[in-house]
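S.K.: one predicted model, sequence on top.
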Amino acid sequence: MRIVDDQNQDFYRTSTSCNTSIDRCKQKILINPEDADNYDRLSNLYFESQNYVLAIRAYCKSVTLKSSQYLPEKLIDWSVEIAQNGDFDAAILGLQKVLLFNDRSALACFNLGEIYRQRSQFDRAIKYLLKALSIDCSFSIQPLNKIAIYFHKKGNTQKAIKIYENIATIKNNDGLIWYNLAILSKQLNRSKLTFDYFLKAFNYKPELLNDRDLIDLGNDIHDKMGIDALIDFKKKTILIHSNHALSYVTLGSIYHDRGLHLESQNYFFDALNRLQESIEKCSKFIAMYLGWSESRNTQISLDRKSIDRAELIKAIKDSPDSEQTIEMLKTFIDRKAESSIKSESIDSESAISPPDGFHDNTRSYVEASGESQYLAISPPRSVHLKPAISININIPPSLSVDRYDLPETFVSIIANGRACWSGNTSVKTLHASAIITPENKLLSDVSPSFPIPILSKPLPPPDRNWVFHIDRLPSCTQFDGSIAVLAALASAEEKPSSNYFHWLIDLLPRIGLLQQSGIHFDEIDYFIVDTPLTDFQKDSLLALEIDLAKVIDVSQYSHIQAQRLIVPSIAGKLTHATKWSCRFLRTAFVRAFKIATTTAKTRLYISRDRAKYRRILNEDELLGILEPLGFQCVRPETLSFEEQVRLFASAEIVIAPHGAGLTNTIFCEPGTKIVEIFSPNYILPYFRILASEAELDYFYLVGKGIDCLHLRSILYPNLMTEDLVVEIDDLRALFDLAGIA
């Protein structure tokens, strides 16, 4: 489409197909050319007939005639829709008109930059995207990041660095920017800048740094800042990367050299306990520990079947990578781990008897009690799932169910109620909770335990609950005031967990139910959650206006009683996303992070190459197919929570092996295509349910595994850990079926 200057354009020129309404409106304008409303109506008519340039000009004329302050939202929305319809020139015209009226419209700048980026006009794109960021730093840096990556891949590293430096002058607390600057500076051998940038990246987003980065940064800190700075760095590292064994070894060595033998011993023990998953890489660390242990005359209690210490040290020295040495290390570590387990007994005077009965549902209890409250939110409903589409002829049983029922949702306030989580009991039952009335009765419908039946399978009977199979409950902590129970599947006995899927699908929607119940958050003294908070959990709670000072977790209090125990139901069924929970989460976080509607749609491939299991073994081959189609390889665990929400809110296609990263598809717009890749022996419906309830288009592909049952049982004794291979021909066939080109 050719764009000409206003003064040379016949304002009323239209095609011969102009409808009667447009002609009448033009006649009214000829009679009264100062009537702004007529121009406004004409602009709407032109827009409906897809005469976009004329629509924009008529709308601008109406704005010029009006004395009221100009509101650009309509023209921005029009421009976005015009771009989605493929008329980029008209969209650019509309957004430029917005900036003529309001040159501080960050939203117009952002969308204009995105359109120019799509058209590979990168200098203009950079100009407008930086301007959007300078006006409102909450806007996403991802488009600029993509442009920088493009220039880097094309060999123009200096240009990429310049883009990141410009971003950093506006948004200097973004760890991703400093990390990318560090990587690029390292490639150009700029050692001083590399150190400064890595240090800033570590301060703002330490999880981005991999093992090699941490080792190099630690060496530089030691050389440039001294041993005390290195100690502080290593301590901060293990707070973020709790399994970074080398940091424990380094601290153990430093304290040993300083003669602080108790501290040294503790750090070496911690290092030893964290080597379980990567023994092959850690023989030198073991040798260092054993040598230190020998020098201190420290004996480790091993039984007669354990290996000889001198023999192990000799094996590590002579052939650290041999299978025999690795097996010896495994035996040593297994014995050490067993000897380090502490047995904690429950004080019989403070322990409490488990419930002596149960109520089938909270509603019946509240109606009979007279003191507690029951706030109904939504009635029971039936769920009808959209079909799961694949090239596979035989549909896996777990994906074949197309209907199931959900119970009603509610918020209950139990006067003097108790809440207890598994752990510190005579039976090691993980992932379970119990809500107990003052009369010592279990409320069954708000006391889930793992595993949770999927889809149409019924819940186990209440008398199967874990609290009926233990002798005593741990001592109870009394709280005055109100506590809201957000934790569901939790264990006070396990190490802290931060399961992304359960946090978003099971826990956060309970906050939405609290909001709908009418209970004000300032009336709640504490919120109890599953685990000590990670960064993404803090970010999500803050976005939902939860005061972090009020948050406690079950590792601190495994059994509590409150004057007012506020217990939301699950928002439907545990592990099952619902239409309401999908809408609640997407709306809440899009609004909280001020995510703008954008014409740019991304294609995402979620990699699990940093996971310990369920990896795609031929991922390089797979990326060779996906990248030419415009797919971006992402690792959600390297992004902040806000970055994940922004990235998936702009996606048009998401492809991923089964894993928690797919939880982010809850932020995708309706109609987004989801392709889930399964290992052949571990196929679960969680993300098919999410996709259906979020109105996404769901496709799946079953990869190839190990056919030999015996070999598979050795390599993958737990089926959920099985790695897989994607058959490229199968993927192409699925793309044809899904219309992905």
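M.R.: Ah, there it is.
S.K.: going by C-alpha atoms from here, please, whenever you check contacts or count neighbours.
M.R.: Noted.
S.K.: quick one, helices of the stretch 501-650 of the chain?
M.R.: Ranges of helices within the stretch 501-650 of the chain are 508-517, 535-543, 579-592, 619-626, 641-649, based on DSSP state H, counting those that start in this stretch.
S.K.: cool, the stretch 151-300 of the chain as well?
M.R.: Under DSSP H, counting those that start in this stretch, the stretch 151-300 of the chain gives helices at 157-170, 175-187, 191-204, 211-225, 227-240, 245-257, 261-273, 283-295.
S.K.: with mean pLDDT as extra columns, can I get the helices of the stretch 501-650 of the chain in JSON lines?
M.R.: Converted to JSON lines, the helices of the stretch 501-650 of the chain look like this (pLDDT from 0 to 100):
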{"stretch": "helix 508-517", "mean pLDDT": "95"}
{"stretch": "helix 535-543", "mean pLDDT": "93"}
{"stretch": "helix 579-592", "mean pLDDT": "94"}
{"stretch": "helix 619-626", "mean pLDDT": "95"}
{"stretch": "helix 641-649", "mean pLDDT": "95"}
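S.K.: V675: which of those helices is closest?
M.R.: helix 619-626 (12.5 Å; CA to CA).
S.K.: neighbours around the residue lying closest to T663 once chain neighbours are set aside, how many?
M.R.: Nearest non-adjacent residue to T663, counting by CA to CA, 6 or more residues apart in numbering: F501, 5.7 Å away. Neighbours of F501 under the rule other CA atoms under 10 Å: 18.
S.K.: equivalent analysis for the one 4 residues further on, please.
M.R.: Neighbour count for I505, taken as other CA under 10 Å: 25.
S.K.: cool, and the one 4 residues further on?
M.R.: Number of residues near P509 (other CA under 10 Å) recorded here: 25.
S.K.: next secondary structure element downstream of the helix or strand containing V411?
M.R.: Per DSSP states H and E, V411 falls inside strand 409-415. Next in sequence after strand 409-415, counting helices and strands by DSSP H and E, comes strand 418-421.
S.K.: export whatever helix or strand comes next after that following strand as CSV, just CAs?
M.R.: Sequence-wise, the next helix or strand downstream of strand 418-421 (DSSP H and E) is strand 433-436. The C-alpha coordinates for strand 433-436 follow below in CSV (Å, rounded to 0.1, in the frame of the first residue of the first chain):
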residue,chain,number,x,y,z
SER,A,433,-1.8,-32.2,54.4
ALA,A,434,-4.7,-32.4,56.9
ILE,A,435,-7.2,-29.8,58.1
ILE,A,436,-8.6,-30.7,61.5
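S.K.: who touches the helix or strand following strand 433-436?
M.R.: Later in the chain than strand 433-436, the nearest helix or strand by DSSP H and E is strand 442-443. Outside strand 442-443, the residues that touch it by CA atoms under 8 Å, 6 or more residues apart in numbering are P355, G357, F358, H359, D360, N361, T362, A434, I435, I436, T437.
S.K.: tabulate these (TSV), appending distance to V702, pLDDT and neighbour count.
M.R.: Output for these, formatted as TSV (distance: CA to CA, whole Å; pLDDT from 0 to 100; neighbours: other CA atoms under 10 Å):
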residue	distance to V702	pLDDT	neighbour count
P355	45	91	20
G357	45	91	16
F358	43	92	19
H359	43	93	16
D360	40	88	15
N361	40	91	13
T362	41	94	25
A434	38	91	26
I435	40	94	28
I436	43	95	26
T437	47	95	25
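S.K.: closest to A484 among those residues?
M.R.: The closest of the contacts of strand 442-443, once distances to A484 are taken by CA to CA, is I435, at 11.8 Å.
S.K.: so the closest one bridges to which residues?
M.R.: The partner list for I435 in beta bridges (DSSP bridges) reads A419.
S.K.: I'd say it and N416 touch.
M.R.: No: I435 is beyond contact range of N416, at 11.1 Å (criterion: CA atoms under 8 Å).
S.K.: what's around Y179, how many residues?
M.R.: Using other CA under 10 Å, Y179 has 25 neighbouring residues.
S.K.: ok, it touching D196?
M.R.: No: between Y179 and D196 there is no contact under CA under 8 Å: 10.1 Å.
S.K.: what's near enough to touch I625?
M.R.: If you count contacts by CA under 8 Å, 6+ apart, I625 has none.
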